[in-house]
Structures are given as C-alpha cells and as structure tokens.
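Undergrad: Take this sequence and fold it.
(one chain, ligands or ions: 1)
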Amino acid sequence: MPQSVTDQTLQSLADWWRAMGVDVTLPAAGPAATDGPPGLPAAPAEGPGPLKPRRSARAAISPEAHIETARQLSTSAADMMALKAAIEGFDGCPLKELCDRTVVFDGVIGAPVMVIGEGPGEQEDMTGRPFVGKAGQLLDKMLSAIGLDRKTNAFITNVNYWRPPDNRNPEPEELAICRPFVERMVDLNQPKLILAMGGVAAKSLLETRTGIMRLRGHEAVFTTPAGTSVPLIPMFHPAYLLRRPQDKSRSWRDLLLAKARLEALGVIL
Ligand code: URA
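TA: Down below sits the predicted model:
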C-alpha cells in the first residue's frame, strides 16, 4: 500500500463500503492480515492492519464502490510512483483476475506528451510494459517521426491496466473503474498534449460514442475533475495501421497536427 494512504483514507473507504452494504471492520494494530478487501492493496507488515470484509468476493461489491475506491486511492497518491503502487495493488477491476500483470506506464514522468492507448495485449502482459509488441514498435516509429521518444519526452499509458481475455475491447464498466487512475495520472504529469491511440481510448477519454474515423483529424480537450485541461489529438491505433497500412497517410497528417500543436505550445522536440 502506498504510504500516502492514510488511516483517514482507510476510515472513509470503510464508511463507503458500509454505505454500499458491505460489512467491514478496521482492526486495531496487530499482525497484518494478508487478505485485504477487494480494490485495496495489501497493507505493509508494520502499517495499520488492512480492512477485513466479511464478504470478500470482489463481485459482491458494486462497480460504483470500486470506482469510488479507485478515486480515493488516486487522490491519496501524491506522486506517480505512489499512484503506480496503488494501481498495482488495486483488485477492483474484474480484468485483473484474468491476466498475469498490471501494466501501468512507460516513459518519462512529467513528459510534455502523454500517449494513451487501449490496454495491454499479450506482450505487454508478459513484460509489464505498455506498447512493446508489434503495435508498440510501430508506435515508437510514429513518435520518432515527429521527434518523440519514450526515453526522453513521451509518457505512455493506457485507459485500462489489465489485458482483457482474447484481447477483446475493455467493457465500459472496466474503463469506468480505471478512469480515476487515468485522470490522476494526467493531474500528476500535467502533459502539454495527449495523443489518444485508437477508438477505444479516444471514446473513453472524451466520453463520446463518436468513432475514431470522425474523431481523428480534429483536436479535442481532456479535462479532469481536478481541473486539469489538456489538448487531445485522437489518432488511429498502430494495431489498426498494421492491418490497414493504406491509412498511414492519414495518420501522418495527424502526427503533423500533433507536431504543429506542440510547436505552438512552445515544446521543442
Ligand atoms: N495496445 C494498446 O492500446 N496498448 C498497449 O499497451 C499495447 C497495445
């Protein structure tokens, strides 16, 4: 559990679960239990003992309660490493049970450009890093074409941190559970520009049903509940471009749009 998760946070989480009808107790100091509640990371040995739900199945908790837990954990995370630890310890997304690893981010914390994709695939689930498979290699080439690179000026993440079975699209409920973490990541990183890769990421971030074919080519804005507002450029997903290379010219125009926007924002690439 990140150290920034305080007793007060645990108390308000317990209050929330009780309001949701889940019977939880906050144990007094003593040996730490190992089975924390759904959605909460396990407590460190010397910290306050974890909450102990009497009904422990994750599915017994409503999605709204998991979203609220994600929100509280996100708010408590004072920096990116605390947020990463909070996401890794969070058990509230059903996809987590079905994959091997939590994939949070790669690249430079605080970079001017934040690339946000759909979620981990097989290679990402094996390595714990986003965009490392074939689509990731194409993404690196696309970024490099406009002077971006995950080692120097780009931060790479997803709207969902766990590989869905058979690489299906994440469900709206799964995305909603991850959203507080995504928003907090934007608050903490304060990027100058977001590149949303593919329809799933763009639609989820912009909370729209409009597809990527209509979204791409136009700048939008991503705003967090905390008030961070960042220009967002929707782009084709590199996996789509691998299937439809004839659309690479449209993607190239989108990359030039991103480059021009960064120059206008005073970002030197
Ligand atoms: N596709 C994505 O959207 N994200 C990844 O991390 C990998 C593939």
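
Undergrad: Now for the residue lying closest to residue 211 once chain neighbours are set aside: which residues touch it?
TA: Leaving aside its chain neighbours, residue 211 sits nearest to residue 199 (5.5 Å; criterion: Cβ to Cβ, 6 or more residues apart in numbering). Using the backbone N, CA and C atoms, a C-beta is placed for each residue, glycine as well. Under the criterion of Cβ atoms under 8 Å, 6 or more residues apart in numbering, the neighbours of residue 199 are 211-212, 215, 237.

Undergrad: do you know how far residue 199 is from residue 70?
TA: In this view, residue 199 and residue 70 are 23 Å apart by Cβ to Cβ, to the nearest Å.

Undergrad: May I have the longest strand along the chain as PDB, with CA atoms only?
TA: The longest strand of the chain (DSSP state E) is strand 229-235. C-alpha atoms of strand 229-235 as PDB (Å, rounded to 0.1, in the frame of the first residue of the first chain):
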ATOM      1  CA  SER A 229      -7.300  20.600 -19.100                       C
ATOM      2  CA  VAL A 230      -5.100  19.200 -21.900                       C
ATOM      3  CA  PRO A 231      -5.400  19.300 -25.700                       C
ATOM      4  CA  LEU A 232      -6.000  15.800 -27.100                       C
ATOM      5  CA  ILE A 233      -5.400  14.600 -30.600                       C
ATOM      6  CA  PRO A 234      -7.200  11.300 -31.500                       C
ATOM      7  CA  MET A 235      -5.200   9.100 -33.800                       C
END
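
Undergrad: which residues pair with the residue in the stretch 151-269 of the chain positioned nearest to the ligand across the strands?
TA: At 4.9 Å from the ligand, residue 158 is the closest residue in the stretch 151-269 of the chain, using Cβ to the nearest ligand atom. For residue 158, the beta-bridge partners are residue 117 (DSSP bridges).

Undergrad: Residue 87 contacts residue 158, correct?
TA: No: with contact defined as Cβ atoms under 8 Å, residue 87 does not count as touching residue 158 (10.8 Å).

Undergrad: So if I had to pick from the two, which one is more boxed in?
TA: Higher neighbour count among residue 87 and residue 158: residue 87, with 28 against 25, using other Cβ atoms under 10 Å.

Undergrad: Now do the contacts for the more buried one.
TA: Counting by Cβ under 8 Å, 6+ apart, residue 87 makes contact with 102, 104, 161, 181.

Undergrad: which ones among those residues are found in helices?
TA: Judged by DSSP state H, those include residue 181 as members of helices.

Undergrad: got the contacts of residue 87 as CSV, with neighbour count and distance to the ligand columns?
TA: CSV is the format used below for these (neighbours: other Cβ atoms under 10 Å; distance: Cβ to the nearest ligand atom, whole Å):
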residue, neighbour count, distance to the ligand
102, 19, 12
104, 22, 10
161, 29, 9
181, 24, 15
